[in-house]
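Colleague: predicted model, plus sequence, below.
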Amino acid sequence: MSNKVDLIICVQKKLGISKADAERAVNAVIECKKLLVKKHKTLQLIGLGTYKVVHRKARLGVNPKTGEKIKIKPSKSVKFIPGKAFKSTL
């Protein structure tokens, strides 16, 4: 499994910049993605995929500890749909 540190190191090597600059670049991209998805409800990056806000309806669930039925409130989540070019690299 890779994480943010691996991404920062990869960006550093690809661009030939300092680790601090690479970290600022990665953080900026992540923040911009969050802002754009929040504002437009979707973000399409050709060659990578699409981030979409999805709405989950209220539903009944079960507490795994007690077996008791519980109501789960409606919520929003983000779904990532990989693009064709990204899928083909896997």
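Modeller: Looks like it came in fine.
Colleague: just the strands in this protein please.
Modeller: 42-45, 49-56, 59-62, 69-72, 75-82 (DSSP state E).
Colleague: which other helices and strands does the third one contact?
Modeller: What it means is strand 59-62. strand 69-72 (3 or more CB pairs under 8 Å, 6 or more residues apart in numbering; DSSP states H and E). C-beta coordinates here come from the backbone N, C-alpha and C atoms, glycine included.
Colleague: average pLDDT for the strand it packs on?
Modeller: Mean per-residue pLDDT for strand 69-72: 95.
Colleague: and that strand, which strands flank it?
Modeller: Partners of strand 69-72 in the sheet, by DSSP bridges, are strand 59-62 (antiparallel).
Colleague: turn the strands of the chain into JSON lines, columns for mean neighbour count.
Modeller: Conversion of those to JSON lines gives the following (neighbours: other CB atoms under 10 Å):
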{"stretch": "strand 42-45", "mean neighbour count": "15"}
{"stretch": "strand 49-56", "mean neighbour count": "14"}
{"stretch": "strand 59-62", "mean neighbour count": "10"}
{"stretch": "strand 69-72", "mean neighbour count": "10"}
{"stretch": "strand 75-82", "mean neighbour count": "11"}
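Colleague: among those strands, which is nearest Glu23?
Modeller: strand 42-45 (20.5 Å; CB to CB).
Colleague: listing partners with orientation, what would you give for the closest one?
Modeller: Strand 42-45 is paired, per DSSP bridges, with strand 49-56 (antiparallel).
Colleague: so Lys71 bridges to which residues?
Modeller: Lys71 has these beta-bridge partners by DSSP bridges: Leu60.
Colleague: first vs last residue of stretch 43-58, how far apart are they?
Modeller: Terminal residues of stretch 43-58 lie 25 Å apart, using CA to CA, to the nearest Å.
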